[in-house]
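Q: Sequence first, predicted model second:
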Amino acid sequence: MSRYRRIGPACETAIDGELFLVLNNQDIVHLDPLAAALWRLLDEPMAEEAILRVFAAAFPATPSQQLSGDLATAIRLLEAAGALVRED
Amino acid sequence: MALVLRERRATAAPQAAVRFRGWRGAIALAADARLLALLARLAPGWPSAPGRAPVRASVEVTRAGRRFRIETSAYAAPDYGFTRYLPAANGTLGVLIGSYIAADPETIGLHAAALAFGGRAAALLGDSFAGKSTLALTLAAVGGRLLADDRLAVRLQEPPVVFGFGTAAKLRLPYPAWASARFRAMVVRHGACLAANLLALDLTASRSCGFAEAVLLSALFVLARDPAHVGPPATERLGRPEIMHRLIQQMFAPHLPPSAVLAAARKLAEAAPAYRLRYREASAVPALLRRCLAEGQP
C-alpha cells in the first residue's frame, strides 16, 4: 500500500486558511486549504487509504469520488513541488 | 594544402563608464556607448551620482560574440542571453534597479506600474502585455504622476511607500482605438522612437514623480483587461493569499532569501488592500482609480 511522507522540513506561513511553504530554502509553494490540510496531516507518514478516510470523516457531505479526485490533485501538486514522496 | 584556421577574436566596442545614483552610494556602469545611449532613453530621470559618492555596486555589460553578458557586484545576475541592443539595454536597466534595491534590505522590486494622485499611489500588477504601461500612460494623461510603468520599488516601512527610478514609459503603436486627443498630444510631445512601433515617453519633466520620490502606497490592482467586459470598470477585493501569490510571482528581490520574500509579500498584502480590476478600455479607469485613492476604496 502506498504511503506518503514529507520530504524534509519546510518553513511555513499560514494566512486565511491557506499555506505557503518554503522548500529547501529555495522554492515557494502556495497550498490551497485542501492541500494545506493534507500537508498538515502528513506531519507523520500516512497510507493513501488512511488519508482518504480522514478527509471523508472531515467532509461527510462531499461525494467520495470528488474528494478522492481533489486529494489526488493535491497530492500531485505536492509531489511535483518536491514536498512529498510516495513510498510503495 | 593545409588550411590554417585562426581563432577569431570577438570584436568589442570600447567600454565607457558612468555612475548612477544608488542607495547611499553610486552604481558604476561600464558598457559600450550604443548601449549607454539607449539606456539614457530608457531612464532619462535617473541622476548621476555625486562625484565623491562611494561606489556601492558595479555593473558591467560585455559581449561575447553576439551575446550580451550583464553582471553586477550586488548579486548573481542570470545570463539573460540577449543578442540585441534594446533588450540588452532594458535588461541592464533591470540589473541597475536590482543593484539599487539589493543595497537596502527593507526594499523590494515589483514588476508593476504605479501612479500617484494627490500624494497616494496605486500599484498596477499584471503579466506581460496585461496593459500596465498603457493604463499608466492613460492615467498620466489625466493628471496622475507616473512612478513606474514596469519596475517599481517598494520600501516595506509602516505604512509602505513606493518609488520609481525616473524611467521612461513605453508605448507600442498604433494608438489604442480609444486614445483621446489629450493622450495623443502627450505621446507626440514626450515620445521618442525606441524601435519600430515602440516609443519611450520621457515624462520626467512634468508628469512623473522624481527619482526615488517616495509615495504612500494606497492600493494594489491586478489588471484584468477583458474585451468582453460590459459596463464601467469593476473591482473585486482579493483575499490575502491570492494577492500574496501574485506578489511573489512579480517580486524582484535578488538580495532576499525565499523566506524573506514570503515575509515581504505577507507584509505588503496586509498593509494595502488589493483588487482585481476588470475593464475593457483603459480610458474608463481613471475616474475609478482617483476615487479609490481619494476615498480609500473603489
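A: Good, I have the coordinates.
Q: In what element of secondary structure is residue A:53 found?
A: Assigned by DSSP states H and E, residue A:53 belongs to helix A:48-58.
Q: Kindly report the residues of chain A close to chain B.
A: With C-beta under 8 Å from any C-beta of the partner chain as the criterion, chain A meets chain B at residues A:11, A:13, A:15-18, A:20, A:22, A:25-28, A:30. In short, each C-beta sits where N, CA and C put it, glycine included.
Q: Most neighbours among those, please name it.
A: For the residues of chain A next to chain B, the largest number of neighbours (other C-beta atoms under 10 Å in any protein chain shown) sits with residue A:20, at 26 neighbours.
Q: tell me the contacts of the nearest residue to that one once chain neighbours are set aside?
A: Using C-beta to C-beta, 6 or more residues apart in numbering or on different chains and skipping the chain neighbours, the partner closest in space to residue A:20 is residue A:13 (4.5 Å). Applying C-beta atoms under 8 Å, 6 or more residues apart in numbering or on different chains to residue A:13 gives the contacts A:19, A:20, A:21, B:262, B:263, B:266.
Q: what's the neighbour count on the third one?
A: Residue A:21 sits with 23 neighbouring residues when counted by other C-beta under 10 Å.
Q: Can you classify it by secondary structure?
A: Of the three states, residue A:21 takes strand under DSSP: H, G, I helix; E, B strand; the rest coil.
Q: contacting residues around it?
A: Applying C-beta under 8 Å, 6+ apart, one finds that residue A:21 lies in contact with A:10, A:11, A:12, A:13, A:28, A:29, A:31, A:39, A:81, A:83.
Q: again, 7 Å this time
A: Neighbour list for residue A:21: A:10, A:11, A:12, A:29, A:31, A:83 [criterion: C-beta atoms under 7 Å, 6 or more residues apart in numbering or on different chains].
Q: for the last one, same thing?
A: With contact taken as C-beta under 7 Å, 6+ apart, residue B:266 is in contact with A:13, A:15, B:244.
Q: Could you list the low-pLDDT ranges of chain A?
A: Along chain A, segments meeting pLDDT under 70 span A:1.
Q: element containing the residue of the stretch 101-250 of chain B found nearest chain A, please.
A: Residue nearest to chain A within the stretch 101-250 of chain B: residue B:241 (3.9 Å; C-beta to the nearest C-beta). Residue B:241 is part of helix B:240-250 when elements are defined by DSSP H and E.
Q: which other helices and strands contact that helix?
A: Helix B:240-250 is packed against strand A:10-15, strand A:27-31, strand B:107-117, helix B:258-271, with contacts defined by 3 or more C-beta pairs under 7 Å, 6 or more residues apart in numbering or on different chains; DSSP states H and E.
Q: who touches stretch B:181-194?
A: The contact list for stretch B:181-194 (C-beta under 7 Å, 6+ apart) reads B:41, B:86, B:138, B:140, B:141, B:171, B:175, B:199, B:200, B:201, B:202, B:203.
Q: Among those residues, which lie within strands?
A: Of these, the ones assigned to strands by DSSP state E are B:171, B:199, B:200, B:201.
Q: Contact partners for residue A:83?
A: Shown in contact with residue A:83 (C-beta under 7 Å, 6+ apart): A:6, A:7, A:10, A:21, A:23, A:29, A:39.
Q: if we can go back for a sec, what number of residues lie near the residue of the stretch 101-250 of chain B closest to chain A?
A: A count of nearby residues for residue B:241, using other C-beta under 10 Å, gives 23.
Q: Please export the C-alpha coordinates of the helix holding residue A:53 as PDB.
A: C-alpha atoms of helix A:48-58 as PDB (Å, rounded to 0.1, in the frame of the first residue of the first chain):
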ATOM      1  CA  GLU A  48      -3.300   6.700   0.900                       C
ATOM      2  CA  GLU A  49      -6.400   5.000   2.200                       C
ATOM      3  CA  ALA A  50      -5.900   6.400   5.700                       C
ATOM      4  CA  ILE A  51      -5.700   9.900   4.200                       C
ATOM      5  CA  LEU A  52      -8.900   9.400   2.300                       C
ATOM      6  CA  ARG A  53     -10.600   8.100   5.500                       C
ATOM      7  CA  VAL A  54      -9.600  11.200   7.500                       C
ATOM      8  CA  PHE A  55     -10.800  13.600   4.800                       C
ATOM      9  CA  ALA A  56     -14.100  11.600   4.300                       C
ATOM     10  CA  ALA A  57     -14.800  12.000   8.000                       C
ATOM     11  CA  ALA A  58     -13.900  15.700   7.900                       C
END
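Q: Poorly predicted segments of the stretch 51-200 of chain B, please.
A: Judged by pLDDT under 70, no stretch of the stretch 51-200 of chain B qualifies at all.
Q: Kindly recompute the last result at 90.
A: For the stretch 51-200 of chain B, the stretches with pLDDT under 90 are B:51-52, B:118, B:127-131, B:176-178.
Q: picking up where we left off before, tell me who's in contact with the residue of the stretch 101-250 of chain B closest to chain A.
A: For residue B:241, the contacting residues are A:15, A:16, A:18, A:30, by C-beta under 7 Å, 6+ apart.
Q: Nearest residue to it in space, please, no chain neighbours.
A: Nearest to residue B:241 is residue A:18, by C-beta to C-beta, 6+ apart, at 3.9 Å.
Q: is it true that that neighbour touches residue A:35?
A: No: in this structure residue A:18 lies outside contact range of residue A:35 using C-beta atoms under 7 Å: 8.6 Å.
Q: Correct me if wrong: residue A:48 contacts residue A:2.
A: Yes: if you go by C-beta under 7 Å, residue A:48 and residue A:2 touch, sitting 4.8 Å apart.
Q: Tell me which of the two has more neighbours.
A: Taking other C-beta under 10 Å, residue A:48 and residue A:2 do not tie; residue A:48 has more neighbours (16 against 11).
Q: from chain A, which residue is nearest to chain B?
A: Proximity of chain A to chain B (C-beta to the nearest C-beta) peaks at residue A:18, 3.9 Å away.
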